[in-house]
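> predicted structure and sequence below. I'll ask about it afterward.
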Amino acid sequence: MILVSSCLAGNPVRYNGTSCLDSTIQKLIDDQKAIPICPELLGGFVTPREPAEIMNGDGFDVLAGKAKVIERSGNDVTELYLKGAKKTLEIAKEMKATYVVLKEFSPSCGSQKIYNGKFIGEQINGVGVTTALLESHGINVISERELEKLVDE
């Protein structure tokens with residue numbers, strides 16, 4: 001089974017109430033090979049919500065207590081991101097997920113790049129909180145830009 005970000009499945013759950021429907025993801029769901037999840041909603045957020053970025057590091061730094069997830073207004077939402085990551089891990093284990101496809105650049109889901117924590121649209125190498133937790137438990141996380149890896153599965 002594959003878990004996929006709900007926004008990639010066409011659900012309007014992104015911070016600004018939009019989605020990023022990906023036709024390959026939709027086919028995986030239609031073929032009952034994938035299940036949509038949203039770590040941020042699992043953590044207790046609602047849609048729409050204020051944008052947030054990781055300050056002073058990436059998801060691994062958040063797990064280590066060295067970085068925080070902060071909303072644009074300055075509100076610390078680290079605990080909600082950690083809660084969502086933990087619930088996503090539980091689901092991934094329960095479903096015996098072979099892959100988890102998460103939305104790139106997100107403070108939860110980024111698997112290669114995230115925003116730099118300054119709210120200026122600049123991206124840096126790094127992963128989101130959910131990706132860091134899943135990877136630390138040996139679960140394969142890829143972004144929607146790497147879907148060709150699933151073609152041979």
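That came through, no problem. Numbering: from 1, shown residues only.

> once you drop chain neighbours, what's closest to the residue nearest the centre of the chain?
Closest to where the C-alpha atoms of the chain average out (CA atoms, centre = their mean) is C109, at 1.9 Å. Distances taken as CB to CB, 6 or more residues apart in numbering place L102 nearest to C109, at 3.4 Å, with adjacent residues excluded. In short, each C-beta sits where N, CA and C put it, glycine included.

> distance of that neighbour relative to F60?
Separation of L102 from F60 (CB to CB, to the nearest Å) stands at 15 Å.

> which of those two has more residues huddled nearby?
L102 (28 against 18; other CB atoms under 10 Å).

> what residues are bridge-paired with the more buried one?
The residues listed as beta-bridge partners of L102 by DSSP bridges are S143.

> that one contacts S108, correct?
Yes. With contacts counted by CB atoms under 8 Å, L102 reaches S108, the gap being 7.5 Å.

> and for I120, the neighbour number?
The burial count for I120: 8, using other CB under 10 Å.

> okay, and for this structure, where does confidence drop off?
Where the chain drops to pLDDT under 70, the residues are 151-153.
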